[in-house]
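Peer 1: no sequence on this one, just coordinates:
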């Protein structure tokens, strides 16, 4: 499969999906990568704790603005990376045309990525580390 467009999805589009988006962008300059949230906190910046995780990796996420998942974003994506089995099921039930191109970010490790929203910085740091590992796992395929 020739992957030119990747969509990363979480719940609010302020923590996990933007971290994964920016980490994927760092690894591939030829693929269009964006993120959205199932219940996107439209117009919000990335969570400050998520931004701190990324700053420690010399990645500036300050330009991120959350958006809500919709059919148009899903249609143009070659692959959709979600954070959990439940998100995958929800998206495939809501938009059946995406079946076959929705995978968990943690697919290769058979892991869900836990939501750090409203948790402490240590939880964010652990989540960021897991996202980094998962992004590396996808490198061969993207």
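Peer 2: Alright, I've got the coordinates. Note that the structure is a prediction, hence the values are computed from the model and not measured.
Peer 1: Which residue is the nearest non-sequential neighbour of residue 60?
Peer 2: Of all residues not flanking residue 60 in the chain, residue 54 sits nearest, at 7.3 Å (CB to CB, 6 or more residues apart in numbering). Where you see a C-beta, it was placed from the backbone N, CA and C, and this is true even at glycine.
Peer 1: Now do the contacts for that neighbour.
Peer 2: Neighbouring residues of residue 54 by CB atoms under 8 Å, 6 or more residues apart in numbering: 19, 22, 46, 60, 61, 128.
Peer 1: quick check, nearest of these to residue 86?
Peer 2: Nearest to residue 86 out of these is residue 19 (CB to CB; 19.2 Å).
Peer 1: what's the spacing between the residue nearest to residue 60 and residue 64?
Peer 2: Distance from residue 54 to residue 64, counting by CB to CB, to the nearest Å: 9 Å.
Peer 1: anything in contact with each of these two?
Peer 2: Shared contacts of residue 54 and residue 64 (CB under 8 Å, 6+ apart): 22, 46.
Peer 1: Return the backbone torsion pair for the residue nearest to residue 60.
Peer 2: In terms of degrees, to the nearest 10, the main-chain angles of residue 54 are phi -70, psi -40.
Peer 1: What of residue 9?
Peer 2: Torsion angles, degrees, to the nearest 10, at residue 9: phi -130, psi 140.
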